[in-house]
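Engineer: Quick one: sequence and predicted model below, then my questions.
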Amino acid sequence: MIDDTTTYLAAFRRRLGLPAIVDVHTHFMPDQVMRKVWAYFDSAGPLTGREWPITYRDDQAVRLKTLRDFGVRAFTSLVYPHKPEMAAWLNSWTAEFAAEVPDCLHTATFYPEPSAAGYVATAIEQGARVFKAHIQVGAYSPLDPLLDPVWGVLAEAGTPIVIHCGSGPAPGEFTGPGPIAELLRRHPALRLIVAHMGMPEYAEFMDLADRYSGVCLDTTMAFTDFTEDEVPFPAADRPRLRDLGDRIMFGSDFPNIPYPYHHGITALERLELGDDWLRRVCHDNAARVFELPDLAPDGNTAS
C-alpha cells in the first residue's frame, strides 16, 4: 500500500475531477469516550477477536486536520450510547462540536428509553442532519416499543440514520436483516444508511435497498483486505453494486481503522466499476442526500 495518503487522494480526486470526498462514517466523540473505544480495540475485544491497531490515534485537532488534508469536505461525528441516560449527553456534545466544526454534519443518536422521542425531536430542531444507531453495541432491538415514536419522528423529518445492524464483526441478539426488514415494513419512509454494507449479510441488505428507496449503504471497511480476509463480499453480487450506484456512500470508520485511510478508496477502485460509480460513491450521493452546496473543481463553493 502507498504510504502517502494525502498525495494519493489528491491524485485520485484530480483523476476523477472530484472537488472533494464526503465521508459519512467517521467518529468524533468526547475524549473520555473515544479513549474507552480505543482501549476496547487495543484489547482485541470479544466483538473483534483480532488485532485492531488504531491508525489515527491522535488528538482531536490533529484528526480534523488529517481529514481536511485528505480532501474530505464533510464528515460525521458518529456517537452511540450503550446504556440509558447517555444519548442526550452525547447529543449535547455533538451539537457543540458541529457548531465549532462547520464541515462536520451535525450528528445525534438515541437509545430505547422513555425520553428518546423528545430528545430526538429536540436534536432535529437544533439542526441535526444525521443520526447514528448501533444495534450491536447498544444491544437493543430496533423494534423496541420505546423506539417506535423515535422512528416515526425520524421518518417524518426525513433525517438519515447511519445504522450498524449487520452481524459483523460478530452477531448480536438483535443484529441481521430480519429486524430491519420489519422496521421498514412499519416505517417505510425511513432513510437508513446501512453501515459496512450490512456485512456479512451483504445480499440481504441490498435486497432491502432494492425494496425501499430510502435505504442506502455505506462502504465502511467493506472490500478492504482486512475485511475480505474473513467476510468477503460475494463476487456474484458485484453487478448489484453497479445497479445500486446511486445509493452507496463512502465511509471510512476514521480514526478507528487498522490501515491507512486511502485503502478504503483503493478497495473501491479495484472493484473496477468505473469512474462515474466512484464519483457518485465518494462524493455525489452523499452531497445529494445531505444537500451540500455545489463545489467548483478547486474545492471552493461554486458561484
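Structural biologist: Happy to help now that I have it.
Engineer: unless I'm mixing things up, residue 56 is touching residue 258, no?
Structural biologist: No - the criterion here is C-beta atoms under 8 Å, and residue 56 misses it with residue 258 at 10.4 Å. (Each C-beta comes from the backbone N, C-alpha and C, glycine too.)
Engineer: the helices in the stretch 151-300 of the chain, which residues?
Structural biologist: 177-186, 202-211, 225-228, 238-243, 263-269, 275-279, 285-289 (DSSP state H, counting those that start in this stretch).
Engineer: For the shortest one, C-alpha coordinates in CSV please.
Structural biologist: So the one you mean is helix 225-228. The C-alpha coordinates for helix 225-228 follow below in CSV (Å, rounded to 0.1, in the frame of the first residue of the first chain):
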residue,chain,number,x,y,z
ASP,A,225,-8.0,-6.5,2.8
PHE,A,226,-8.8,-6.5,6.5
THR,A,227,-12.4,-7.5,5.8
GLU,A,228,-12.1,-9.6,2.7
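Engineer: And the contacts of it?
Structural biologist: Helix 225-228 has contacts (C-beta atoms under 8 Å, 6 or more residues apart in numbering) with 168, 199, 221, 258, 259, 263, 267.
Engineer: Let me know how buried the residue nearest to the third one when sequence neighbours are not counted is, in neighbour terms.
Structural biologist: Computed as C-beta to C-beta, 6 or more residues apart in numbering, the closest residue to residue 221 that is not its neighbour in sequence is residue 227, at 5.1 Å. The burial metric for residue 227, expressed as a neighbour count using other C-beta atoms under 10 Å, is 20.
Engineer: now the one 3 residues further on
Structural biologist: The criterion is other C-beta under 10 Å. On that basis, residue 230 has 12 neighbouring residues.
Engineer: same question, residue 213
Structural biologist: Using other C-beta under 10 Å, residue 213 has 12 neighbouring residues.
Engineer: same deal with residue 229?
Structural biologist: So residue 229, with other C-beta under 10 Å, has 9 neighbours.
Engineer: next one: residue 133
Structural biologist: By other C-beta under 10 Å, the residues close to residue 133 number 25.
Engineer: State the helix or strand in which it lies.
Structural biologist: strand 130-134 (DSSP states H and E).
Engineer: any chance of the helices of the stretch 151-300 of the chain in JSON lines, plus distance to residue 158 and mean pLDDT?
Structural biologist: Below are those laid out as JSON lines (distance: least, C-beta to C-beta, whole Å; pLDDT from 0 to 100):
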{"stretch": "helix 177-186", "distance to residue 158": "15", "mean pLDDT": "98"}
{"stretch": "helix 202-211", "distance to residue 158": "17", "mean pLDDT": "98"}
{"stretch": "helix 225-228", "distance to residue 158": "31", "mean pLDDT": "96"}
{"stretch": "helix 238-243", "distance to residue 158": "24", "mean pLDDT": "97"}
{"stretch": "helix 263-269", "distance to residue 158": "27", "mean pLDDT": "98"}
{"stretch": "helix 275-279", "distance to residue 158": "24", "mean pLDDT": "98"}
{"stretch": "helix 285-289", "distance to residue 158": "10", "mean pLDDT": "98"}
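Engineer: Kindly state which of those helices is positioned closest to residue 4.
Structural biologist: helix 263-269 (12.7 Å; C-beta to C-beta).
Engineer: mind showing which ranges of the protein have poor pLDDT?
Structural biologist: Along the chain, the model assigns pLDDT under 70 to residues 1-3, 44-48, 298, 301-303.
Engineer: Do a quick rundown of the strands in it.
Structural biologist: 21-22, 72-76, 104-105, 107-109, 130-134, 161-164, 192-194, 216-218, 248-249 (DSSP state E).
Engineer: can you put those strands in TSV and add distance to residue 178?
Structural biologist: Shown next, in TSV, are those (distance: least, C-beta to C-beta, whole Å):
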stretch	distance to residue 178
strand 21-22	30
strand 72-76	27
strand 104-105	29
strand 107-109	23
strand 130-134	16
strand 161-164	14
strand 192-194	14
strand 216-218	17
strand 248-249	22
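Engineer: Quick check: the farthest pair among the contacts of helix 225-228?
Structural biologist: The distance between the two most remote of those (C-beta to C-beta) is 17.7 Å, for 168 and 263.
Engineer: returning to that earlier point: show me what the strand holding residue 133 is packed against.
Structural biologist: Other elements packing on strand 130-134 under the criterion 3 or more C-beta pairs under 8 Å, 6 or more residues apart in numbering; DSSP states H and E are strand 107-109, strand 161-164.
Engineer: Mind doing that once more with 10 Å?
Structural biologist: With contacts defined as 3 or more C-beta pairs under 10 Å, 6 or more residues apart in numbering; DSSP states H and E, strand 130-134 has these neighbours: strand 72-76, helix 87-100, strand 107-109, helix 116-125, helix 148-157, strand 161-164, strand 192-194.
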